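*Asks:* how would this look folded up:
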Amino acid sequence: MTTVKEAIETMILARNVDTGRVSGLSRQIVAQMNTLQTGILINFENLPGIGSSGEAHLNLYLQVGAKEDLRAVLREGRSKQPSLKMTISSAYRTVAQQHVLYQTYLRDPKLIPLAAKPGNSNHEDGLAIDVSNYNAWKPYLLANGWQWQGSKDPVHFFNNNGRDDVSNLGVKAFQSLWNKYHPEDQMTFDGIFGTQTAVKMDRCPIAGFLLVTLFQLGDTGPMVTRIQQRLTNVGFPTPVNGSFDQKTKDAVIRFQLKRGLAADGDVGSMTLKALGIKL
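*Replies:* Reported below is the predicted structural model:
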């Protein structure tokens, strides 16, 4: 299982940086952002006139206002040049992708000459696009709410029709995902990409988080029976009936308190390990 840190090391050695390597993790982050703030990022690949390479690093998402401004750009451009398509080389960039770029920049600035710290790129706000055929589209973009980065980065255009704090939401999305899938190793949920967040990002699988098994009040089945039997065997008796009822939860809490675990009555990875149960 390749981690983000391992992927960065491989890319530096190969002299080839591809943020598409973390596409699985990126998809989870985008989905979590839309869970934290409904509809904050909207897919725009269905707009008439959009073209892209289809590469794994592309996340064709914008905020709602920016998408509508882009719709106006495409409408005007195609009304004058019906066969014209806009070739997008970059759009929304997740905090995981920005981490890859920033860490590569810190390690090898010859490979990546400049990269913003995660949480500070306007690509992370869903308000920016890179347009490969920018000369053809620049007049229409400038006329419909988009600003040009300038000759130092001629493909880059950004838009102000939306919130400017979405990059922080992206960091929060990652932090909440980490906490969800690592109940034994929680991190601060503050939207700040500090050292703690960077270290945990490095440890993530590039394919995304794996599901954490959690058994709690109301669950039934043979695994619950195993938990009840093990609790009883180690001195925390509870009816062994395959139903995670209140008596079972109470026994779990007593066991967790005894072992110095978070006493929430849910049986996650740390409690299973303490009980000596392997899945």
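
*Asks:* can you list the weak-confidence ranges in this protein?
*Replies:* Under the criterion pLDDT under 70, the flagged ranges of the chain are 53, 211-213, 279.

*Asks:* The most centrally placed residue in it and residue 200: what is the separation?
*Replies:* Relative to the mean C-alpha position of the chain, the nearest C-alpha, by CA atoms, centre = their mean, is the one of residue 29, at 2.0 Å. Using CB to CB, to the nearest Å, residue 29 is found at 13 Å from residue 200. (C-beta placed from N, C-alpha, C; glycine too.)

*Asks:* did I read that right, the residue nearest to the centre of the chain in a strand?
*Replies:* No - per DSSP: H, G, I helix; E, B strand; the rest coil, residue 29 lies outside any strand segment and is helix.

*Asks:* Tell me where the chain has strands.
*Replies:* Using DSSP state E, the strands found in the chain span residues 42-43, 50-52, 61-62, 86-90, 128-131, 146-148, 156-159.

*Asks:* In CSV, list those along with mean neighbour count and distance to residue 195.
*Replies:* As requested, the strands of the chain are exported to CSV (neighbours: other CB atoms under 10 Å; distance: least, CB to CB, whole Å):
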stretch, mean neighbour count, distance to residue 195
strand 42-43, 16, 33
strand 50-52, 16, 35
strand 61-62, 24, 28
strand 86-90, 20, 27
strand 128-131, 23, 27
strand 146-148, 18, 33
strand 156-159, 21, 29
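
*Asks:* wait, doesn't residue 143 sit right on residue 77?
*Replies:* No - because the distance of 9.7 Å does not satisfy CB atoms under 8 Å, residue 143 is recorded as not touching residue 77.

*Asks:* can you list the strands of the chain in CSV and add distance to residue 254?
*Replies:* What follows is the strands of the chain, written out as CSV (distance: least, CB to CB, whole Å):
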stretch, distance to residue 254
strand 42-43, 48
strand 50-52, 56
strand 61-62, 47
strand 86-90, 54
strand 128-131, 53
strand 146-148, 61
strand 156-159, 56
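
*Asks:* just so I know, which of those strands lies nearest residue 103?
*Replies:* Residue 103 lies closest to strand 86-90 among those, at 18.1 Å (CB to CB).

*Asks:* Which strands or helices does the closest one pack on?
*Replies:* The criterion is 3 or more CB pairs under 8 Å, 6 or more residues apart in numbering; DSSP states H and E, and the helices and strands that strand 86-90 contacts are strand 50-52, helix 64-80, strand 128-131.
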